[in-house]
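1. quick one: sequence plus predicted model below, questions after.
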Amino acid sequence: QVQLQESGPGLVKPSQTLSLTCAVSGGSIIISGYGWTWIRQPPGKGLEWMGVLAYDGETSYNPSLKSRTSISRETSKNQFSLQLSSVTPEDTAVYYCARLSPLLEVDYWGIGTQVTVSS
């Protein structure tokens, strides 16, 4: 059973960088064929895919967020991270990390973490 756990500050000031980490247990983040992704849900809105880190270290980002988003990993700790720069109140959301199966379906989710952007 794969488990994912998000962690990071719940409050970020405008113009700063939002940084979250996803700790993964029960499965390695370098297993061939799997991807590790970040998804967010602003209040009252639907889910928004932010980007994915493939098992081989390749990344792909939502074009609308690409200029501000970076996803990286620390294989020794079996975790991956999200950085979103120059945040505004519109970046307030519940942020989820998740695993993508080889069929590009999310098969495991973290519980999510609320991040509020406010001065």
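-> Great, that's in hand.

2. which residues of the protein score low on pLDDT?
-> Residues of the chain meeting the criterion pLDDT under 70: none.

3. and the most centrally placed residue in it, what are its bridge partners?
-> Centroid-nearest residue in the chain, with C-alpha atoms, centre = their mean: Trp38, separated by 2.7 Å. With DSSP bridges as the criterion, Trp38 is bridged to Gly51, Cys97.

4. quick one, what contacts it?
-> Leu20, Cys22, Trp49, Met50, Gly51, Val52, Ile71, Leu82, Tyr95, Tyr96, Cys97, Ala98 (C-beta atoms under 8 Å, 6 or more residues apart in numbering). The way it works is simple: take the backbone N, C-alpha and C, and place the C-beta from them, glycine included.

5. considering those, which possesses the most neighbours?
-> Within these, Cys97 tops the neighbour count with 30 neighbours, counted by other C-beta atoms under 10 Å.

6. can I assume that residue is in contact with Ser81?
-> No: using C-beta atoms under 8 Å, Cys97 is not in contact with Ser81, being 9.2 Å away.

7. any buried residues in stretch 29-40, and which?
-> Ile29, Tyr34, Gly35, Trp36, Thr37, Trp38, Ile39, Arg40 (16 or more other C-beta atoms under 10 Å).

8. of all these, which comes closest to Gly8?
-> Trp38 (11.3 Å; C-beta to C-beta).

9. now that closest one: how far from Ser15?
-> Going from Trp38 to Ser15 by C-beta to C-beta, to the nearest Å gives 20 Å.
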